[in-house]
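# sequence and computational prediction follow.
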Amino acid sequence: MVADEEVEHISAGLEDQGWDATRAWVEEGLSEAERIEGVARLRGGWTSEMRRLDICGRGGRRSLVLRSFTKPFYVRHAEGLLTREAAVLRLLDGTDVPAARLVAVDAAARYCDHPSLLMSLLPGTVRLGDEGAGRRAELLAHQLLRVHRLPVTAEERPRAYQAWTSPERVSPPEDTERPELWQRAVDVIRREPPEHRSCFLHRDFHPGNVLFTGDGDGLRISGVVDWVETSWGPADLDVAHCSTALALLHGVSAGMRFADRYVAAGGTLAEDRAAHLYWRLLDALAFAPDAEKVAVPWREAGRADLTPTRLTGRLERYLQALFARYA
(Lines give C-alpha, C1' and ligand atoms only; values in the text may rest on other atoms or scores of the structure.)
Protein backbone atom coordinates (compact mmCIF):
# COMPACT_ATOMS: atom_id res chain seq x y z
CA MET A 1 0.00 0.00 0.00
CA VAL A 2 2.86 2.36 0.82
CA ALA A 3 6.61 2.29 0.47
CA ASP A 4 9.12 1.30 3.14
CA GLU A 5 9.56 4.82 4.50
CA GLU A 6 5.88 4.89 5.40
CA VAL A 7 5.70 1.64 7.34
CA GLU A 8 6.61 0.58 10.83
CA HIS A 9 7.99 -2.91 11.20
CA ILE A 10 6.39 -4.54 14.23
CA SER A 11 7.26 -8.23 14.29
CA ALA A 12 7.59 -11.40 12.30
CA GLY A 13 4.07 -12.32 13.33
CA LEU A 14 0.80 -10.99 14.60
CA GLU A 15 0.48 -12.71 17.95
CA ASP A 16 2.08 -9.92 20.00
CA GLN A 17 -0.74 -7.67 18.85
CA GLY A 18 -3.40 -10.12 20.00
CA TRP A 19 -4.08 -11.33 16.47
CA ASP A 20 -3.65 -15.09 16.81
CA ALA A 21 -6.94 -15.92 15.12
CA THR A 22 -6.32 -13.44 12.32
CA ARG A 23 -2.90 -14.93 11.64
CA ALA A 24 -4.38 -18.42 11.49
CA TRP A 25 -7.06 -17.18 9.06
CA VAL A 26 -4.47 -15.60 6.79
CA GLU A 27 -2.20 -18.62 6.83
CA GLU A 28 -5.07 -20.99 6.08
CA GLY A 29 -5.52 -19.19 2.77
CA LEU A 30 -1.86 -19.40 1.78
CA SER A 31 -0.39 -22.18 -0.28
CA GLU A 32 1.06 -25.11 1.66
CA ALA A 33 4.64 -23.92 1.28
CA GLU A 34 4.01 -20.27 2.15
CA ARG A 35 4.34 -18.56 5.52
CA ILE A 36 4.18 -15.05 6.98
CA GLU A 37 7.76 -13.82 7.13
CA GLY A 38 7.15 -10.32 8.49
CA VAL A 39 4.53 -7.72 9.34
CA ALA A 40 4.68 -3.95 8.99
CA ARG A 41 2.09 -1.46 10.13
CA LEU A 42 1.08 0.97 7.38
CA ARG A 43 0.72 4.56 8.53
CA GLY A 44 -2.03 6.97 7.56
CA GLY A 45 -5.23 5.09 8.36
CA TRP A 46 -8.01 6.52 10.52
CA THR A 47 -10.95 4.14 10.37
CA SER A 48 -8.93 0.92 10.40
CA GLU A 49 -5.54 -0.60 11.12
CA MET A 50 -3.57 -1.48 8.02
CA ARG A 51 -0.72 -3.99 7.92
CA ARG A 52 1.56 -5.24 5.19
CA LEU A 53 2.13 -8.98 5.42
CA ASP A 54 5.30 -10.23 3.75
CA ILE A 55 4.81 -13.79 2.51
CA CYS A 56 7.57 -16.15 1.49
CA GLY A 57 7.40 -19.58 -0.11
CA ARG A 58 8.90 -21.82 -2.76
CA GLY A 59 7.60 -19.55 -5.48
CA GLY A 60 9.33 -16.50 -4.02
CA ARG A 61 8.08 -13.58 -1.99
CA ARG A 62 4.94 -11.48 -2.20
CA SER A 63 3.16 -8.99 0.03
CA LEU A 64 -0.48 -8.60 1.00
CA VAL A 65 -2.36 -5.88 2.87
CA LEU A 66 -4.59 -6.62 5.83
CA ARG A 67 -7.29 -4.11 6.80
CA SER A 68 -8.84 -4.66 10.24
CA PHE A 69 -11.43 -2.62 12.08
CA THR A 70 -10.61 -2.29 15.77
CA LYS A 71 -12.37 0.90 16.89
CA PRO A 72 -15.76 0.09 18.45
CA PHE A 73 -17.77 2.35 16.11
CA TYR A 74 -16.27 0.81 12.99
CA VAL A 75 -16.46 -2.71 14.38
CA ARG A 76 -20.22 -2.23 14.71
CA HIS A 77 -20.47 -1.21 11.07
CA ALA A 78 -17.71 -3.44 9.75
CA GLU A 79 -19.87 -6.12 8.17
CA GLY A 80 -21.53 -3.64 5.83
CA LEU A 81 -18.34 -1.69 5.16
CA LEU A 82 -16.10 -4.64 4.38
CA THR A 83 -18.75 -6.55 2.46
CA ARG A 84 -19.20 -3.48 0.29
CA GLU A 85 -15.45 -3.03 -0.19
CA ALA A 86 -15.03 -6.68 -1.16
CA ALA A 87 -17.81 -6.36 -3.76
CA VAL A 88 -16.26 -3.18 -5.15
CA LEU A 89 -12.79 -4.73 -5.44
CA ARG A 90 -14.30 -7.63 -7.39
CA LEU A 91 -16.10 -5.13 -9.63
CA LEU A 92 -12.95 -3.08 -10.25
CA ASP A 93 -10.81 -6.07 -11.19
CA GLY A 94 -9.91 -5.69 -14.85
CA THR A 95 -11.02 -2.05 -15.17
CA ASP A 96 -8.80 0.97 -15.78
CA VAL A 97 -9.09 1.96 -12.11
CA PRO A 98 -5.94 0.77 -10.29
CA ALA A 99 -7.35 -0.96 -7.23
CA ALA A 100 -6.16 -3.84 -5.08
CA ARG A 101 -7.22 -7.41 -5.84
CA LEU A 102 -9.41 -9.04 -3.22
CA VAL A 103 -7.82 -12.08 -1.57
CA ALA A 104 -10.24 -12.84 1.28
CA VAL A 105 -12.69 -11.14 3.62
CA ASP A 106 -14.07 -11.92 7.08
CA ALA A 107 -16.47 -9.00 7.48
CA ALA A 108 -18.20 -10.35 10.59
CA ALA A 109 -15.03 -11.57 12.35
CA ARG A 110 -16.22 -15.17 12.33
CA TYR A 111 -12.63 -16.38 12.12
CA CYS A 112 -10.51 -13.31 12.87
CA ASP A 113 -9.94 -11.35 16.04
CA HIS A 114 -11.38 -8.30 14.28
CA PRO A 115 -13.40 -7.77 11.07
CA SER A 116 -10.77 -7.99 8.35
CA LEU A 117 -10.15 -7.85 4.61
CA LEU A 118 -7.05 -9.20 2.86
CA MET A 119 -5.96 -7.77 -0.48
CA SER A 120 -3.00 -7.43 -2.80
CA LEU A 121 -0.33 -4.80 -2.23
CA LEU A 122 -0.35 -1.87 -4.65
CA PRO A 123 2.84 -0.09 -5.68
CA GLY A 124 3.50 3.55 -4.90
CA THR A 125 3.25 5.99 -2.03
CA VAL A 126 0.84 8.57 -0.66
CA ARG A 127 2.22 12.03 -1.45
CA LEU A 128 0.93 14.93 0.59
CA GLY A 129 3.66 17.56 0.27
CA ASP A 130 3.01 20.96 -1.28
CA GLU A 131 5.70 20.49 -3.92
CA GLY A 132 4.15 19.07 -7.07
CA ALA A 133 0.63 19.33 -5.67
CA GLY A 134 -0.72 20.98 -8.82
CA ARG A 135 0.42 18.18 -11.13
CA ARG A 136 -0.92 15.57 -8.73
CA ALA A 137 -4.28 17.38 -8.62
CA GLU A 138 -4.51 17.14 -12.43
CA LEU A 139 -3.96 13.40 -12.24
CA LEU A 140 -6.49 13.13 -9.41
CA ALA A 141 -9.12 14.86 -11.54
CA HIS A 142 -8.60 12.49 -14.48
CA GLN A 143 -8.61 9.46 -12.20
CA LEU A 144 -11.80 10.53 -10.44
CA LEU A 145 -13.51 10.95 -13.80
CA ARG A 146 -12.58 7.37 -14.69
CA VAL A 147 -14.17 6.22 -11.43
CA HIS A 148 -17.36 8.13 -12.23
CA ARG A 149 -17.55 6.65 -15.72
CA LEU A 150 -17.38 3.05 -14.57
CA PRO A 151 -20.23 1.15 -16.23
CA VAL A 152 -22.24 -0.76 -13.65
CA THR A 153 -25.49 -2.67 -13.92
CA ALA A 154 -28.46 -1.95 -11.69
CA GLU A 155 -27.54 -5.04 -9.65
CA GLU A 156 -23.94 -3.84 -9.23
CA ARG A 157 -24.80 -0.34 -8.08
CA PRO A 158 -23.57 0.48 -4.59
CA ARG A 159 -25.85 2.00 -1.97
CA ALA A 160 -27.11 5.57 -2.34
CA TYR A 161 -24.73 8.18 -0.91
CA GLN A 162 -25.07 9.20 2.72
CA ALA A 163 -24.50 12.76 3.94
CA TRP A 164 -21.75 12.96 6.55
CA THR A 165 -23.24 15.90 8.39
CA SER A 166 -26.51 17.78 8.86
CA PRO A 167 -27.46 21.29 10.02
CA GLU A 168 -27.95 20.01 13.57
CA ARG A 169 -24.56 18.29 13.69
CA VAL A 170 -22.32 21.08 12.39
CA SER A 171 -19.90 22.40 15.03
CA PRO A 172 -18.38 25.78 14.08
CA PRO A 173 -15.04 26.66 15.70
CA GLU A 174 -15.55 28.10 19.17
CA ASP A 175 -13.18 31.00 18.55
CA THR A 176 -14.39 31.96 15.08
CA GLU A 177 -14.70 35.65 14.30
CA ARG A 178 -17.12 34.81 11.47
CA PRO A 179 -20.10 33.11 13.12
CA GLU A 180 -22.39 34.58 10.46
CA LEU A 181 -20.38 32.81 7.75
CA TRP A 182 -20.85 29.46 9.41
CA GLN A 183 -24.54 30.09 9.96
CA ARG A 184 -24.95 31.04 6.31
CA ALA A 185 -23.26 27.80 5.27
CA VAL A 186 -25.46 25.75 7.59
CA ASP A 187 -28.56 27.44 6.17
CA VAL A 188 -27.59 26.33 2.66
CA ILE A 189 -27.60 22.64 3.61
CA ARG A 190 -30.99 22.95 5.31
CA ARG A 191 -32.60 22.75 1.88
CA GLU A 192 -33.54 19.48 0.24
CA PRO A 193 -30.73 17.95 -1.82
CA PRO A 194 -30.79 19.29 -5.38
CA GLU A 195 -31.91 17.06 -8.21
CA HIS A 196 -28.93 15.35 -9.75
CA ARG A 197 -27.72 12.65 -12.09
CA SER A 198 -26.10 9.83 -10.16
CA CYS A 199 -22.97 7.88 -10.97
CA PHE A 200 -20.49 5.53 -9.31
CA LEU A 201 -18.74 7.37 -6.44
CA HIS A 202 -15.62 6.48 -4.52
CA ARG A 203 -17.07 8.76 -1.82
CA ASP A 204 -13.79 9.19 0.07
CA PHE A 205 -11.53 10.22 -2.80
CA HIS A 206 -8.72 12.49 -1.63
CA PRO A 207 -4.90 12.60 -1.78
CA GLY A 208 -4.57 10.35 1.27
CA ASN A 209 -6.32 7.53 -0.57
CA VAL A 210 -4.30 7.68 -3.79
CA LEU A 211 -0.85 6.19 -4.44
CA PHE A 212 1.71 7.64 -6.84
CA THR A 213 4.84 6.38 -8.56
CA GLY A 214 7.48 8.27 -10.52
CA ASP A 215 8.35 11.96 -10.66
CA GLY A 216 8.15 14.80 -13.13
CA ASP A 217 6.82 13.68 -16.50
CA GLY A 218 6.83 10.10 -15.19
CA LEU A 219 4.45 10.80 -12.30
CA ARG A 220 1.56 8.34 -12.36
CA ILE A 221 -1.28 7.22 -10.13
CA SER A 222 -0.55 3.61 -9.21
CA GLY A 223 -3.45 2.88 -6.89
CA VAL A 224 -6.72 4.10 -5.43
CA VAL A 225 -7.50 2.63 -2.02
CA ASP A 226 -10.18 2.61 0.69
CA TRP A 227 -13.39 1.65 -1.09
CA VAL A 228 -15.52 1.06 2.02
CA GLU A 229 -17.71 4.14 1.43
CA THR A 230 -18.38 3.55 -2.27
CA SER A 231 -21.78 5.01 -3.16
CA TRP A 232 -24.18 6.02 -5.90
CA GLY A 233 -24.76 9.75 -6.15
CA PRO A 234 -23.77 13.07 -7.79
CA ALA A 235 -20.29 13.55 -9.17
CA ASP A 236 -20.33 16.94 -7.44
CA LEU A 237 -20.11 15.20 -4.06
CA ASP A 238 -16.88 13.32 -4.90
CA VAL A 239 -15.43 16.49 -6.39
CA ALA A 240 -16.46 18.39 -3.27
CA HIS A 241 -14.73 15.92 -0.98
CA CYS A 242 -11.44 16.02 -2.85
CA SER A 243 -11.69 19.81 -3.11
CA THR A 244 -12.07 20.20 0.66
CA ALA A 245 -9.10 17.92 1.28
CA LEU A 246 -6.94 19.87 -1.17
CA ALA A 247 -7.95 23.16 0.48
CA LEU A 248 -6.92 21.80 3.86
CA LEU A 249 -3.68 20.26 2.60
CA HIS A 250 -2.42 22.91 0.22
CA GLY A 251 -4.51 26.04 0.75
CA VAL A 252 -7.84 27.45 -0.36
CA SER A 253 -6.82 28.12 -3.97
CA ALA A 254 -5.92 24.45 -4.45
CA GLY A 255 -9.36 23.43 -3.25
CA MET A 256 -11.10 25.96 -5.46
CA ARG A 257 -9.25 24.85 -8.61
CA PHE A 258 -10.06 21.16 -8.41
CA ALA A 259 -13.60 21.42 -9.83
CA ASP A 260 -12.17 23.31 -12.82
CA ARG A 261 -9.57 20.58 -13.30
CA TYR A 262 -12.31 17.94 -13.20
CA VAL A 263 -14.39 19.76 -15.84
CA ALA A 264 -11.29 20.32 -18.00
CA ALA A 265 -10.66 16.56 -17.84
CA GLY A 266 -14.13 16.01 -19.34
CA GLY A 267 -16.26 15.74 -16.23
CA THR A 268 -19.73 17.21 -15.82
CA LEU A 269 -20.93 19.02 -12.70
CA ALA A 270 -24.20 20.70 -11.79
CA GLU A 271 -24.93 23.62 -14.10
CA ASP A 272 -26.85 25.38 -11.37
CA ARG A 273 -24.32 27.19 -9.17
CA ALA A 274 -26.57 26.93 -6.12
CA ALA A 275 -26.78 23.16 -6.54
CA HIS A 276 -23.01 22.83 -6.82
CA LEU A 277 -22.58 25.09 -3.77
CA TYR A 278 -24.88 22.79 -1.79
CA TRP A 279 -22.67 19.75 -2.42
CA ARG A 280 -19.47 21.66 -1.71
CA LEU A 281 -20.78 22.96 1.60
CA LEU A 282 -22.33 19.63 2.58
CA ASP A 283 -18.86 18.13 2.40
CA ALA A 284 -16.89 21.03 3.87
CA LEU A 285 -19.10 21.35 6.93
CA ALA A 286 -18.52 17.70 7.79
CA PHE A 287 -14.90 18.67 8.58
CA ALA A 288 -15.88 21.29 11.17
CA PRO A 289 -14.63 22.50 13.49
CA ASP A 290 -10.94 21.71 12.86
CA ALA A 291 -10.58 18.77 10.46
CA GLU A 292 -8.63 16.86 13.10
CA LYS A 293 -10.00 13.55 11.80
CA VAL A 294 -7.94 13.80 8.64
CA ALA A 295 -5.13 15.81 10.18
CA VAL A 296 -3.97 12.99 12.44
CA PRO A 297 -2.97 10.58 9.62
CA TRP A 298 -1.69 13.49 7.53
CA ARG A 299 0.63 14.59 10.31
CA GLU A 300 1.79 11.00 10.77
CA ALA A 301 2.66 11.04 7.07
CA GLY A 302 4.90 14.06 7.55
CA ARG A 303 2.62 17.12 7.44
CA ALA A 304 3.40 18.35 10.95
CA ASP A 305 2.49 21.87 9.83
CA LEU A 306 -1.20 20.95 9.65
CA THR A 307 -2.12 22.06 13.15
CA PRO A 308 -5.76 22.39 14.25
CA THR A 309 -5.40 26.18 14.16
CA ARG A 310 -4.12 26.21 10.58
CA LEU A 311 -6.78 23.76 9.40
CA THR A 312 -9.56 25.73 11.07
CA GLY A 313 -8.41 28.89 9.36
CA ARG A 314 -8.17 27.21 5.97
CA LEU A 315 -11.62 25.65 6.34
CA GLU A 316 -13.17 29.00 7.22
CA ARG A 317 -11.48 30.80 4.33
CA TYR A 318 -12.57 27.98 2.03
CA LEU A 319 -16.22 28.52 3.01
CA GLN A 320 -15.82 32.20 2.26
CA ALA A 321 -14.28 31.45 -1.15
CA LEU A 322 -17.14 29.07 -2.02
CA PHE A 323 -19.71 31.78 -1.35
CA ALA A 324 -17.70 34.33 -3.30
CA ARG A 325 -17.69 32.10 -6.38
CA TYR A 326 -20.96 30.22 -6.30
CA ALA A 327 -23.49 32.21 -4.27
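That came through, no problem. Not measured: the values here are computed from a predicted model.

# wait, doesn't residue 82 sit right on residue 69?
Yes - at 7.4 Å, residue 82 counts as touching residue 69 under the criterion of Cβ atoms under 8 Å. Heads up, the C-betas are built off the backbone N, CA and C, glycines and all.

# what sits in contact with each of these two?
115-116 (Cβ atoms under 8 Å, 6 or more residues apart in numbering).

# for stretch 51-63, the distance to its chain's centre please.
26 Å (Cα atoms, centre = their mean, to the nearest Å).

# and it, how far apart are its ends?
10 Å (Cα to Cα, to the nearest Å).

# residues of it that come out buried?
Residues 51-55 are the ones in stretch 51-63 that count as buried (16 or more other Cβ atoms under 10 Å).

# repeat that for stretch 241-261.
Here stretch 241-261 shows 241-250, 252, 254-259, 261 as buried, counting by 16+ other Cβ under 10 Å.

# for the closest residue to residue 108 other than its chain neighbours, give me the pLDDT.
Residue nearest to residue 108 in three dimensions, not counting chain neighbours: residue 79, with 4.9 Å by Cβ to Cβ, 6 or more residues apart in numbering. For residue 79, the pLDDT comes out at 96.

# show me what contacts residue 79?
107-108, 115.

# likewise residue 143?
97, 210, 221, 224.

# of those residues, which is the most crowded?
Highest neighbour count within these, by other Cβ atoms under 10 Å: residue 210, with 24 neighbours.

# tell me the bridge partners for that residue.
Counting by DSSP bridges, residue 210 is bridged to residue 224.

# if I pick it, what's in contact with it?
Residues in contact with residue 210 (Cβ under 8 Å, 6+ apart) are 126, 140, 143, 221, 223-225.

# want to throw the residues you listed into a markdown table with pLDDT?
Shown next, in a markdown table, are the contacts of residue 210 (pLDDT from 0 to 100):
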| residue | pLDDT |
| --- | --- |
| 126 | 95 |
| 140 | 98 |
| 143 | 98 |
| 221 | 98 |
| 223 | 98 |
| 224 | 98 |
| 225 | 95 |
